[in-house]
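In: Need the 3D shape of this:
(one chain, ligands or ions: 2)
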Amino acid sequence: MQAVVLVGGKGTRLRPLTLTQPKPAMALVDRPFIRYMVDWLGHHGVGEVVMACGFRAEDLRAALGDEVPGGPSIRYIEEPEPLGTAGPVRLVAEQGLLGERFLVLNGDVLSDLDLTALQRAHAETGAVITLALYPVEDPSSYGLVRRDRTSDRVLGFLEKPEPGQIDTDEISAGAYVVERSALDLIPLGRAVSIEREVFPRLVGHGLYGRRLDGYWMDIGTPERYLQASWDILEGTVRTDFDHTGGPYVDDDAEVAATATIEPRAVLRAGSRVGAGAAIAESVLLEGCRVGAGARVRGSILGPRAEIGERATVGPGAVVGRGARIAPRVALSEGARVQPDEVIEGEVTAV
Ligand code: GDD
Ligand code: MG
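Out: Residues are numbered from 1 along each chain as shown. Ligands and ions are numbered 1, 2, ... in the order given. Alright, predicted model coming up:
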């Protein structure tokens, strides 16, 4: 089986971290985030993955490589301009890289949903496209899917529904099996949204949805990125990460004996945490420095960020790559610090 993974989004809600790195290449616990997706696909019979990159394909390739040992091979395609969520699939097919049936996935989800069951359902119904469906509390920021519960035929697809339109909790999980014939619905040479231009046209003409149980999370915001990290550490999502319930501290991180690292914490390679400092519910990306007595809570520190002695960070702060927080500064809740920015005084939320 082949899979096209859409990884061309700008990751705006994870700025400033995504200003210096594409979202899929960002580390999640112990590996580049997108590795979790490739591993998941590998467990469901996918042997070939095509990464549809909008830009900076080389950055992603540098983080992920051309194959995963024992897993799928990986190719990278760069678009001349952003082609939306459907255009890249057509582009990949035009390059002769796709067969009669393949998977398409949004590249910003962490999941262990049963893609084997999805492929089986697709083959049984003879669908043109079969969407993986997942229930959420609030469908408003997703693609709402109405379906006939007996046949699994989709009765309506509404991208980002208004409150008055929400009459089911099932949304498109951003994973679907596609027949090549569906590509005829994608015009060439311009950006096309599969959710707004293709799915609605297939309602009544071969669009099916299969509800799947398991874990699913779109990691596009700092809160959800952190939650996904804890879910990997605690084994809430099934991955091959060897979870012990404790924090993840890279072998190349240095933690002073008197520092406190709570179970919900990730310290990537080269991070250093000084005496008496406390890290809780936070991720320290590569090469961060946290000074003595500093407190970091509910926050993400970008690569090489420096937190001065006795400074406090968070909750909800995101500190860009190489930014520096001076000693004793109290960064307020939800602060965003730009790459290489130096904060000498108090900062308020944005
Ligand atoms: N190559 C490429 N080019 N990829 C793109 C482009 C583009 O122009 N635009 C978006 N993408 C990628 C993003 O990187 C992401 O992985 C995926 O397409 C979906 O785009 P998002 O911007 O994350 O969409 P969303 O989260 O608001 O909504 C989508 O995902 C939901 C599930 O998380 C929709 O597919 C919804 O229907 C769905 O429920
Ligand atoms: Mg998304």
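
In: Enumerate the residues of the protein near ligand 1.
Out: Within the chain, the positions lying close to ligand 1 (Cβ under 6 Å from any ligand atom) are 6-9, 52, 54, 79, 82-85, 88, 106-109, 142-143, 159, 171-172, 174, 195, 218, 220. Backbone N, C-alpha and C define where each C-beta goes, glycine included.

In: Can you sort out which of the residues you listed also neighbour ligand 2?
Out: Asp108, Asp218, Gly220 (Cβ under 5 Å from the ion).

In: what's the neighbour count on Tyr134?
Out: Taking other Cβ atoms under 10 Å as the criterion, the count of residues near Tyr134 is 25.

In: buried ones in the host helix or strand of it?
Out: Using DSSP states H and E, Tyr134 falls within strand 129-135. Using 16 or more other Cβ atoms under 10 Å as the test for burial, strand 129-135 gives Ile129, Thr130, Leu131, Ala132, Leu133, Tyr134.

In: try stretch 218-237
Out: For stretch 218-237, a neighbour-count test (16+ other Cβ under 10 Å) marks 218-220, 222, 224-233, 237 as buried.

In: Need the max-distance pair from these.
Out: Greatest spatial distance among the buried residues of stretch 218-237 (Cβ to Cβ): Gly220 and Leu233, at 19.8 Å.

In: which residues touch the residue in the stretch 251-350 of the chain that ligand 1 sits nearest to?
Out: In the stretch 251-350 of the chain, the residue that lies nearest ligand 1 is Val318 (17.9 Å; Cβ to the nearest ligand atom). Contact analysis of Val318 by Cβ atoms under 8 Å, 6 or more residues apart in numbering lists Leu14, Arg15, Pro16, Leu17, Pro222, Ser299, Ile300, Gly302, Ala335, Arg336, Val337.

In: where's the first one relative to Ala63, distance?
Out: The one in question is Leu14. When distance is defined by Cβ to Cβ, to the nearest Å, Leu14 is 15 Å away from Ala63.

In: if you count what's nearby, which of these two comes out ahead?
Out: More crowded of Leu14 and Ala63, by other Cβ under 10 Å: Leu14, with 22 against 18.

In: Next one, pLDDT for that one please.
Out: With respect to pLDDT, Leu14 scores 83.

In: Not including adjacent chain positions, what is the nearest residue to the closest residue to ligand 2 within the stretch 1-150 of the chain?
Out: Residue of the stretch 1-150 of the chain nearest ligand 2, by Cβ to the ion: Asp108 (4.4 Å). Sequence neighbours aside, Gly220 is the residue nearest to Asp108 in space, at 5.2 Å (criterion: Cβ to Cβ, 6 or more residues apart in numbering).

In: Are we agreed that the one you found is in a helix?
Out: No. Read with DSSP: H, G, I helix; E, B strand; the rest coil, Gly220 is coil and lies in no helix.

In: Enumerate the beta-bridge partners assigned to Val318.
Out: On the basis of DSSP bridges, Val318 is bridged to Ile300, Arg336.

In: Before I go, just wanted to say thanks for your time.
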